[in-house]
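>>> return a 3D structure for these sequence lines:
(2 chains)
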Protein chains: 2
Amino acid sequence: MTGKGGKDLPRMKIRPVGIVKSQIKEPSLVVKSRDLEWKGVLENARKERSVISEILIFDDFAGILDGIEDFSHILVLYWAHLASEEDRSLIKAHPMGRKDLPEVGIFATCSPVRPNPICVSAVPLLERNGNILKVKHLDAVDGSPVIDIKPYTPSYYSMREVKVSKWMEQIQREFAQASENKHDY
Amino acid sequence: MTGKGGKDLPRMKIRPVGIVKSQIKEPSLVVKSRDLEWKGVLENARKERSVISEILIFDDFAGILDGIEDFSHILVLYWAHLASEEDRSLIKAHPMGRKDLPEVGIFATCSPVRPNPICVSAVPLLERNGNILKVKHLDAVDGSPVIDIKPYTPSYYSMREVKVSKWMEQIQREFAQASENKHDY
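This is a model prediction of the structure:
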């Protein structure tokens, strides 16, 4: 187990448990010329944050959602299925593809393109109807395979006294400002 | 795409990116007689929360952690490798195996045993030394394959005005009380 990629480790094969239905049809962040490229519009960030999506859980798993309606928020794990095998071999990149920010390792970024393209979104659960969940803020592209649903518990996921990197602070400041300057929705 | 388990979906094969080194050798929550069983000791909950673990990222991914040290907290995705295929077919269970609590779907629980046994832990990052991360509070069993590391950003993971189920509130209250009553560590 010394850097050989885990030969003795178990076979880990994902079985999709559902699928995302969303108005978001294209990923905002893609790989181009061996770096990340941001295709989104900063001013639309707030609009995208208010998108309402549906998560359809396959009939094979009937009953597996029972009780989830008693939680106001859930964690959604989905597979960024538009990331190619080659894209996933990217090790370092400029956050959001911005050359003015320091190049960092992919694990220091929120890029959906990573060795295992599993995204984790914490989102408000608006409604459950049988095997369909209606959620807000889910950044998954339409058709993304769903891997797992978990209840969101603040004691486990809401950290205190958190420090983020300087470049992340800068990106978040710019997003916040862009949203404030845009009043037409 | 109608409940057939996602025939048209892409092949989703996980490649381990590292491994957990921990004092925790056995999972606290297991499957027994087609229900969950809690093998942990409530009074030790706080002790377990203060455990310090190491995450070793394989040499193949050199550089992928660069910049992670500028974040105080990270999200660790790992595979609950001791969950068998059969255990993972469990659809409903009593939370923590407690028959006094309502039986719910596995997606409403935090059980590591689930169709895709991927656990998501938000933990303080104490130190980075090359390809080794030292973290606190990681509940992964020794030898767990690591799937992904992400920076923890409060805007994305720290939800406000959260409501959890009654049974979850009860479990959390009992854990908190047990920790308060135990002063020998």
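>>> going by C-alpha atoms from here, please, whenever you check contacts or count neighbours.
Noted.
>>> let's verify the most centrally placed residue in chain A: helix, strand, or coil?
The centre of chain A sits closest to A:C119, judged by CA atoms, centre = their mean, with a distance of 3.8 Å. Look at A:C119: counting by DSSP: H, G, I helix; E, B strand; the rest coil, its state is strand.
>>> and it, what pLDDT?
At A:C119, the model reports a pLDDT of 97.
>>> just A:G5 next, same as before
pLDDT recorded at A:G5 is 47.
>>> return the helix or strand in chain A with minimum mean pLDDT.
None of the helices or strands of chain A scores lower by mean pLDDT, DSSP states H and E than helix A:45-49, at a mean of 63.
>>> my guess is A:L77 contacts A:C119. True?
Yes: using CA atoms under 8 Å, A:L77 is in contact with A:C119, at 5.6 Å.
>>> number of residues surrounding A:Y152?
As a burial measure, A:Y152 scores 29 neighbours (other CA atoms under 10 Å in any protein chain shown).
>>> longest helix anywhere in chain A?
helix A:166-180 (DSSP state H).
>>> what packs against that one?
helix A:45-49 (3 or more CA pairs under 8 Å, 6 or more residues apart in numbering or on different chains; DSSP states H and E).
>>> where are the low-confidence patches of chain A?
Within chain A, the stretches with pLDDT under 70 are A:1-9, A:41-49, A:181-185.
>>> what does the residue nearest to A:K13 when sequence neighbours are not counted show for phi and psi?
Distance criterion CA to CA, 6 or more residues apart in numbering or on different chains; nearest residue to A:K13, sequence neighbours excluded, is B:K13 at 5.0 Å. In terms of degrees, to the nearest 10, the main-chain angles of B:K13 are phi -110, psi 130.
>>> quick one, what contacts B:K13?
A:12-14 (CA atoms under 8 Å, 6 or more residues apart in numbering or on different chains).
>>> can you tell me the SS state at the closest residue to A:D148 other than its chain neighbours?
Of all residues not flanking A:D148 in the chain, A:L77 sits nearest, at 5.0 Å (CA to CA, 6+ apart). What three-state DSSP gives for A:L77 is strand.
>>> next, count neighbours for A:L77.
By other CA under 10 Å, the residues close to A:L77 number 21.
>>> beta partners of it?
For A:L77, the beta-bridge partners under DSSP bridges are A:V120, A:D148.
>>> give the contact list for it.
With CA under 8 Å, 6+ apart, A:L77 has these contacts: A:118-121, A:146-149.
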